[in-house]
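Could you look at this predicted model? Sequence included:
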Amino acid sequence: GCSIPMCRRVHTTSQLLQEAVQTNEPQAYEFQAETRMLLDIVAKSLYSEKEVFVRELISNASDAIEKARYLALQGKELDSSEADMKIHITTDKYDKTLTIQDSGIGMSREELIDNLGTIARSGSKAFIQQLQEGGGADPQSIIGQFGVGFYSAFMVAEKVEVFTKSRLPGSIGYIWASDGCGKYTVEECQNVEPGTKIICHLKVENREFADEQTIKDVIKKYSSFIGSPIEVNGEQANNIKPIWLMDPKEVSPDQHDEFYRYVGSAYDKPRFVLHYRTDAPVDLRCVLYVPEGKPGLFDLNRDAESSVSLYCRRVLIMNKAENVLPKWLRFLKGVVDSEDIPLNLSRELLQDSALIRRLRTVIQNRVVRFLFDKSRKDAESYSKFFTDYGIFIKEGILSSQEQVEKEEIAKLIMYDSSAKPIGEKVTLPEYIGRMTDNQKDIYYLAAPSRELAESSPYFEALKKRNVEVLFCYEPYDEVVLMQLQEFGNRKIISVEKEMRQDKDAV
Ligand SMILES: Nc1nc(Cl)c2cnn(Cc3ccc(Br)cc3F)c2n1
């Protein structure tokens, strides 16, 4: 263990004389007003369960380690002493303390002071906006998003000490301390190891967080996929094997369920699991899930954030990465990991880089192939999937540029058909499989209901010729077929228009 750092600066006589003038109290700072407000909200009411402060401190520690790993990969000159890239948690029931120490990038004085303020400032504005929009800010997401998670420690601690030293060479160690009620102190400190150590002096009513088992259970619940090893009193407490790097055959359904809930911040289970890897045309390891639950209105929104996290060599590059999937696949949750992704990927780069476009095409084609196989192997569950998620597939067809892509996605669409009882839908490939030799084209009829479709004179004529007709009850379904125009070298023809032309022809 490290020695208790002496927090008194080594003074020269002149400094001593100088100091004698000032009080030798550490410099006390006041939080800016908006910081106070947000932090009070965070500390008092924002969390459903107090235990999430452990998750927040661990994710900060993990981010700090990832950041150090990432900078080292970039060739940045770092002080790598004691960098075991692990998160060490120690509990002490007698002192009622919980200590979380990481050998991550550590903080400079500015970061110590600014981080809280800046994050809080950006957090409070956006947070209040969300509240005002009445969008019902989901408390959990607010905190993780704005990184004010650190401050949640004050839900359970009467005092928090932060020992930190930045890994950038020549940095000085500091101790930050506060009781969370508005004042905090910052002082230089000797013998601080690079990284960050946070000591939570727990309130007597929250002393359960000084219990080892309690902490282990919280880690298992929230932080089992954190990319760094987490040790509690010296014993590893998380399985750090990222599931997407495992051999698909080795992953159990339970592990998928747990991972799905973790990456998708979801509470249901996956309906379908696509776990695959390829190294051409791009290096790609991914696990993608279709949720069991139906998409909510919020999910249908094209601006809903993505639930796909982007990794590169296990370093989390971006969670909720937009543009990794085409918009119409935004219902998928999971992880995409590609070694070809530049580490310095920025959100702007994500917008239009050729690599991401290639990645997106590869993933889209693989997902379509997976779902198409499902439609043939497990027609029942595919049909249910289409009932819940068909809206996205129709959007995919309408929003694709090239005909080839449209027809690729159109393999997944389903329609009621005159060849099947009500409610039993068919895919276009299935329709084509039943076409008789002399039939050249695919026919559809738009009508508000099956009864009206079957009683239409247009339909009668085709029925006599034993030609299968697809039925569109929603305008949206008709638009899709009109826009698709053809599929598999067959024209897609509206019976109504066809017959009218004939009549005109006559
Ligand atoms: N572990 C760890 N490592 C790093 Cl590099 C950072 C950077 N910000 N934070 C959150 C935070 C912000 C202000 C204060 Br005071 C304490 C605190 F934990 C970090 N936590």
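Okay, I see it.

drop to CA atoms for contacts and neighbour counts, all remaining ones
Noted.

Could you check how far Glu82 is from Ser228?
Applying CA to CA, to the nearest Å, one obtains 15 Å for the distance of Glu82 from Ser228.

Which of these two has more residues huddled nearby?
Ranked by neighbour count (other CA atoms under 10 Å), Glu82 and Ser228 place Ser228 first, with 26 against 12.

Mind telling me what element the more buried one is part of?
In the assignment (DSSP states H and E), Ser228 maps to no helix and no strand.

How about it: what's its closest non-neighbour residue?
Lys86 (5.7 Å; CA to CA, 6 or more residues apart in numbering).

How about the contacts made by that neighbour?
Lys86 makes contacts with Ile65, Asp102, Ser103, Ser228, Pro229, Ile230, Glu231, as judged by CA atoms under 8 Å, 6 or more residues apart in numbering.

again, only using 6 Å
If a contact means CA atoms under 6 Å, 6 or more residues apart in numbering, then Lys86 has Ser228, Pro229, Ile230 as its contacts.

before we move on, what about Val263?
Counting by CA under 6 Å, 6+ apart, Val263 makes contact with Gly334.

Which pLDDT value goes with it?
Per-residue pLDDT puts Val263 at 83.

what residues are up against Cys417?
Quick fix: residue 417 reads Ser, not Cys. Residues in contact with Ser417, defined by CA under 6 Å, 6+ apart, are Val469, Leu470, Phe471.

likewise Asp337?
Neighbour list for Asp337: Leu284, Arg285, Cys286, Leu310, Tyr311, Cys312 [criterion: CA under 6 Å, 6+ apart].

so what's the closest residue to the fifth one other than its chain neighbours bridging to?
Right, Tyr311. Distances taken as CA to CA, 6+ apart place Asp337 nearest to Tyr311, at 4.5 Å, with adjacent residues excluded. Legend: beta-bridge partners of Asp337 under DSSP bridges are Arg285, Tyr311.

Mind pulling up the pLDDT for Cys181?
We have a pLDDT of 79 for Cys181.

Ok, Arg271 next?
In this model, Arg271 is scored at 97, pLDDT.

Excluding sequence neighbours, find me the nearest residue to it.
Once flanking residues are discounted, Arg271 sits nearest to Glu292: 4.2 Å by CA to CA, 6+ apart.

burial measure for that neighbour, as a count.
Using other CA under 10 Å, Glu292 is surrounded by 14 other residues.

Same check on Glu380?
13.

do the one 4 residues further on as well
The local packing of Lys384 (other CA under 10 Å) involves 11 other residues.

how near is it to Gly423?
According to CA to CA, Lys384 and Gly423 sit 11 Å apart.

intersection of neighbour lists for those two?
The overlap between the contact sets of Lys384 and Gly423 (CA under 6 Å, 6+ apart) is empty.

Residues of the protein that sit close to the ligand?
The chain comes close to the ligand at residues Asn60, Ala61, Ala64, Ile105, Gly106, Met107, Leu112, Asn115, Leu116, Phe150, Thr196, as judged by CA under 6 Å from any ligand atom.

Just those residues: which are in strands?
The strands, defined by DSSP state E, take in Thr196 from these.

Mind picking the one among the residues of the chain next to the ligand that's closest to Ser265?
Asn60 (17.7 Å; CA to CA).

Kindly state the pLDDT recorded for that closest one?
Looking at Asn60, its pLDDT is 89.

Likewise for Ser306?
On pLDDT, Ser306 comes in at 83.

Make sure it is actually in contact with Met318.
No: contact between Ser306 and Met318 fails when scored by CA atoms under 6 Å: they sit 10.7 Å apart.

These two: who's more crowded?
Ser306 (23 against 16).

count of neighbours near the closest residue to that one other than its chain neighbours?
Distances taken as CA to CA, 6+ apart put Lys320 closest to Ser306, at 4.7 Å, once the chain neighbours are dropped. Other residues within reach of Lys320, judged by other CA under 10 Å, total 19.

Quick check, Lys320 in contact with Ser307.
Yes: between Lys320 and Ser307 there is a contact under CA under 6 Å: 4.9 Å.

what ranges do the helices span in the stretch 401-506 of the chain?
For the stretch 401-506 of the chain, the helices defined by DSSP state H, counting those that start in this stretch occupy 403-410, 428-433, 450-454, 457-464, 475-484, 495-505.

Please point out which parts of the fifth one sit buried.
When neighbours are counted by 16 or more other CA atoms under 10 Å, the buried residues of helix 475-484 are found to be Asp477, Glu478, Val480, Leu481, Leu484.

And the third one, by the same measure?
By neighbour count on 16+ other CA under 10 Å, the buried set for helix 450-454 is Arg450, Ala453, Glu454.

how about TSV for those, with pLDDT added?
TSV is the format used below for these (pLDDT from 0 to 100):
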residue	pLDDT
Arg450	94
Ala453	93
Glu454	93
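
mind listing the helices in the stretch 151-300 of the chain by residue range?
With DSSP H, counting those that start in this stretch as the criterion, the stretch 151-300 of the chain has helices at 212-222, 253-263, 297-300.

now those as CSV including distance to Glu51?
Output for these, formatted as CSV (distance: least, CA to CA, whole Å):
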stretch, distance to Glu51
helix 212-222, 7
helix 253-263, 16
helix 297-300, 28
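
between the buried residues of helix 450-454, which is closest to the ligand?
Arg450 (60.2 Å; CA to the nearest ligand atom).

Now do the helix or strand harbouring Ser381 against helix 475-484, angle only.
For Ser381, the host element (DSSP H and E) is helix 379-399. Relative orientation of helix 379-399 versus helix 475-484 (axes from the mean of the first three to the mean of the last three CA atoms, to 10 degrees): 60 degrees.

Only C-alpha atoms, please: export helix 379-399 in PDB.
What follows is helix 379-399, C-alpha atoms only, in PDB (Å, rounded to 0.1, in the frame of the first residue of the first chain):
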ATOM      1  CA  ALA A 379     -41.200 -18.100 -39.800                       C
ATOM      2  CA  GLU A 380     -43.300 -17.700 -36.600                       C
ATOM      3  CA  SER A 381     -40.900 -15.600 -34.600                       C
ATOM      4  CA  TYR A 382     -39.900 -13.600 -37.800                       C
ATOM      5  CA  SER A 383     -43.600 -12.800 -38.400                       C
ATOM      6  CA  LYS A 384     -43.900 -11.500 -34.800                       C
ATOM      7  CA  PHE A 385     -40.700  -9.500 -35.300                       C
ATOM      8  CA  PHE A 386     -42.100  -8.000 -38.500                       C
ATOM      9  CA  THR A 387     -45.400  -7.100 -36.700                       C
ATOM     10  CA  ASP A 388     -43.400  -5.100 -34.100                       C
ATOM     11  CA  TYR A 389     -40.500  -3.800 -36.200                       C
ATOM     12  CA  GLY A 390     -41.800  -3.800 -39.800                       C
ATOM     13  CA  ILE A 391     -42.100   0.000 -39.700                       C
ATOM     14  CA  PHE A 392     -38.300   0.200 -39.600                       C
ATOM     15  CA  ILE A 393     -38.000  -2.100 -42.600                       C
ATOM     16  CA  LYS A 394     -40.400  -0.100 -44.600                       C
ATOM     17  CA  GLU A 395     -38.500   3.100 -43.700                       C
ATOM     18  CA  GLY A 396     -35.300   1.300 -44.700                       C
ATOM     19  CA  ILE A 397     -36.700   0.600 -48.200                       C
ATOM     20  CA  LEU A 398     -38.000   4.100 -48.700                       C
ATOM     21  CA  SER A 399     -34.800   5.800 -47.400                       C
END
